[in-house]
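*Asks:* Build the 3D model from these lines:
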Amino acid sequence: MAADNSRTVTVAELAAHVGGVVAGDGQRPISGCRSLNLAGPQDASFLSNIKYTQQLAVTNAGCVIVSHSLKPSDIDRGSLAPLTLIQTADPYFSFREIVVLLHGFRVHAPMSVSPLAAVAKSAKLGANCQIHPFACVGENAMVGDRCVVYPGAVIMARARLGDDCIVYPNAVIYDDCVLGNRCVLQSGAVIGSDGYGFATHHGIHHKIPQIGNVILEDDVEIGANSIIERAAMESTTIAKGTKLGNAVVIGHNCQIGEHNLLVSQVGIAGSTQTGHHVVFAGQVGVAGHLTIGNLVRAAAQAGIAADVPDGQDVGGTPAMEMKQAKRVYLQLYQLPEIARKLRELQREIAAMKTPPSTDA
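*Replies:* Numbers count the residues shown, from 1 in each chain. Have a look, this model is predicted:
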């Protein structure tokens, strides 16, 4: 559950907290955070996407965090009261800081090791761990300090967790996998299931034992029902700071770089490597054995079938450089008209080839 909100602060105090500048009533009290269309007079909201700019004309928010480039005079509110703004260099991050200040993070109910949890005698638990009923910690597993393991979560034999990890209900960490500090596994996440490895011999698919593991470095978050396959022989690695959305699948032997953002339903086939700060939007699919450079961004549903160099934005299937993808898809919208014109030209050419009549 979220922390109880008992704080009320002024707009001026919020601005000071995020290093922003107040344009409007700095003494207005703020006690919560909501979206622009639902915010009330005591709520803070934000604008970082110009798609929602028109909502500034009608929002009832007590204050809105915006960029320095936006001024009250730019907002036509008709007969409504002027809007109070907090101008910052990074509205989205500033709003994040305000949400943390006013609402805090989820509070984990205090407990120790439940007698209904199954904890192997050979397992080692750090200080102040919370192991909930019906959680399972396997033989020779190691759990760091202040970790929280929720009901139904399973930590299998010899798995190792760093400090301050959170394992939500029904998440599973397979044997020999390693988590760094402050890793978060949302419900149903699976770390270290077998990679998709089969040898076909005389028409029969024979399973190849997957003898590697998975390593999650510090500050990695894995979304609900996402799956990280263990390596065939070495380690599938998710580097520090990377965040995965829900229903993401990372194939065996992949090396995912630092601070990647992989949105829901991304699928990456085995042995692919990504650089740092890569962003894949929803449903991006990546073929195996590829190298994706640093700072690459892929639009939703892009199908990446070849290496992508550093810094390139790609889209479409097969994925191509974004400017080219936009030109290609613009032409797709015109295909019916192009086809019609082509048929007309074909008829004209056919008529030109028809020999003139010789009738007297």
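*Asks:* Please name the residues that touch residue 211.
*Replies:* 232-233 (C-beta atoms under 8 Å, 6 or more residues apart in numbering). Glycine gets a C-beta too; all of them are placed from N, C-alpha and C.
*Asks:* And the one 3 residues further on, by the same measure?
*Replies:* Neighbour list for residue 214: 174, 177-178, 191-192, 228-231, 235-238 [criterion: C-beta under 8 Å, 6+ apart].
*Asks:* So residue 14: helix, strand or coil?
*Replies:* helix (DSSP: H, G, I helix; E, B strand; the rest coil).
*Asks:* how about it, what does it touch?
*Replies:* By C-beta under 8 Å, 6+ apart, the neighbours of residue 14 are 20, 30, 44, 63, 86, 98, 101.
*Asks:* Phi and psi next, for the spatially closest residue to residue 177 that is not a sequence neighbour.
*Replies:* Nearest in space to residue 177, with sequence neighbours left out and distances taken as C-beta to C-beta, 6 or more residues apart in numbering, is residue 192 at 4.0 Å. For residue 192, the backbone dihedrals (degrees, to the nearest 10) come out as phi 100, psi 20.
*Asks:* Look up how far residue 213 lies from residue 192.
*Replies:* Remark: distance between residue 192 and residue 213 (C-beta to C-beta, to the nearest Å) = 6 Å.
*Asks:* out of the contacts of residue 214, who's nearest residue 34?
*Replies:* residue 238 (33.1 Å; C-beta to C-beta).
*Asks:* Any chance of JSON lines for the contacts of residue 214, columns distance to residue 218, neighbour count and secondary structure?
*Replies:* Output for the contacts of residue 214, formatted as JSON lines (distance: C-beta to C-beta, whole Å; neighbours: other C-beta atoms under 10 Å; DSSP: H, G, I helix; E, B strand; the rest coil):
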{"residue": "174", "distance to residue 218": "20", "neighbour count": "23", "secondary structure": "coil"}
{"residue": "177", "distance to residue 218": "15", "neighbour count": "26", "secondary structure": "coil"}
{"residue": "178", "distance to residue 218": "11", "neighbour count": "21", "secondary structure": "strand"}
{"residue": "191", "distance to residue 218": "15", "neighbour count": "31", "secondary structure": "strand"}
{"residue": "192", "distance to residue 218": "18", "neighbour count": "28", "secondary structure": "strand"}
{"residue": "228", "distance to residue 218": "16", "neighbour count": "31", "secondary structure": "strand"}
{"residue": "229", "distance to residue 218": "21", "neighbour count": "26", "secondary structure": "strand"}
{"residue": "230", "distance to residue 218": "20", "neighbour count": "26", "secondary structure": "coil"}
{"residue": "231", "distance to residue 218": "20", "neighbour count": "24", "secondary structure": "coil"}
{"residue": "235", "distance to residue 218": "15", "neighbour count": "19", "secondary structure": "strand"}
{"residue": "236", "distance to residue 218": "17", "neighbour count": "28", "secondary structure": "strand"}
{"residue": "237", "distance to residue 218": "12", "neighbour count": "22", "secondary structure": "strand"}
{"residue": "238", "distance to residue 218": "10", "neighbour count": "30", "secondary structure": "strand"}
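*Asks:* give the contact list for the nearest residue to residue 293 once chain neighbours are set aside.
*Replies:* Leaving aside its sequence neighbours, residue 293 sits nearest to residue 310 (C-beta to C-beta, 6+ apart; 3.6 Å). By C-beta under 8 Å, 6+ apart, the contact set of residue 310 is 275, 293-296.
*Asks:* Can you tell me which of those is closest to residue 269?
*Replies:* Closest to residue 269, out of all of those and judged by C-beta to C-beta, is residue 296, at 16.3 Å.
*Asks:* buried residues in stretch 338-358?
*Replies:* For stretch 338-358, a neighbour-count test (16 or more other C-beta atoms under 10 Å) marks nothing as buried.
*Asks:* mean confidence score for it?
*Replies:* Here stretch 338-358 scores 85 as its mean pLDDT.
*Asks:* CA atoms of it as CSV?
*Replies:* Taking only C-alpha atoms (Å, rounded to 0.1, in the frame of the first residue of the first chain), the coordinates of stretch 338-358 have been written out as CSV:
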residue,chain,number,x,y,z
ILE,A,338,-1.0,4.8,-56.5
ALA,A,339,-2.5,1.4,-57.5
ARG,A,340,-5.4,3.2,-59.2
LYS,A,341,-3.1,5.4,-61.2
LEU,A,342,-1.0,2.5,-62.2
ARG,A,343,-4.0,0.6,-63.6
GLU,A,344,-4.9,3.7,-65.6
LEU,A,345,-1.4,3.9,-67.0
GLN,A,346,-1.5,0.2,-67.9
ARG,A,347,-4.7,0.7,-69.8
GLU,A,348,-3.3,3.8,-71.6
ILE,A,349,-0.1,1.8,-72.6
ALA,A,350,-2.2,-1.1,-73.7
ALA,A,351,-4.3,1.2,-75.9
MET,A,352,-1.1,2.7,-77.4
LYS,A,353,0.1,-0.7,-78.4
THR,A,354,-3.2,-1.7,-80.1
PRO,A,355,-2.7,-1.4,-83.9
PRO,A,356,-5.0,1.1,-85.6
SER,A,357,-8.0,-0.3,-87.4
THR,A,358,-7.6,-1.1,-91.1
